[in-house]
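[1] A structural model of the following input is requested.
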Amino acid sequence: MLTAMILLAAAAHCKADPKLAKEASVTCEAARETARRRVPKGRVKSAELEIENGKLVWSFDLKQKGKQGVEEVQVDARSGEIISVKHEDAATEAAEQRKEK
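    Residues are numbered from 1 along each chain as shown. I've put the predicted structure just below:
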């Protein structure tokens, strides 16, 4: 029962357009685990399914305690492979959020 509640809470953080979600072979939860293995001490701040540079990706922002900004990890939503990992400082993250609105 507790495991089901944890999975539901984790799924609630995934933002995905239903049309894009139908194209994804990899679930948000599986992609999240891949991202967390890459940034093991990171806490997922956001998770979003999007098309980036022509690829369908799960994009995760992971915050590490004591470190400024976030690590953005993109996982291919079809293969499950990590596409990119980059550090975003507060200014870069804010600019990206403005661009998305």
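[2] not counting its neighbours along the chain, what's nearest the residue nearest the centre of the chain?
    Centroid-nearest residue in the chain: residue 60, 2.0 Å away (criterion: CA atoms, centre = their mean). Nearest-residue entry for residue 60: residue 35, 4.3 Å, with adjacent residues in sequence omitted and distances by CB to CB, 6 or more residues apart in numbering. C-betas here are computed from N, CA, C, even on glycine.
[3] show the model's pLDDT score for residue 100.
    We have a pLDDT of 67 for residue 100.
[4] repeat for residue 50
    Confidence at residue 50, expressed as pLDDT, is 96.
[5] cool, and residue 57?
    pLDDT, residue 57: 98.
[6] residue 71 and residue 18: what is the separation?
    As judged by CB to CB, to the nearest Å, residue 71 and residue 18 stand 28 Å apart.
[7] more neighbours: these two, which one.
    Under the neighbour definition other CB atoms under 10 Å, residue 71 and residue 18 were set side by side, and residue 71 has more, 19 against 7.
[8] part of a strand, is that one?
    Yes. According to DSSP: H, G, I helix; E, B strand; the rest coil, residue 71 belongs to a strand.
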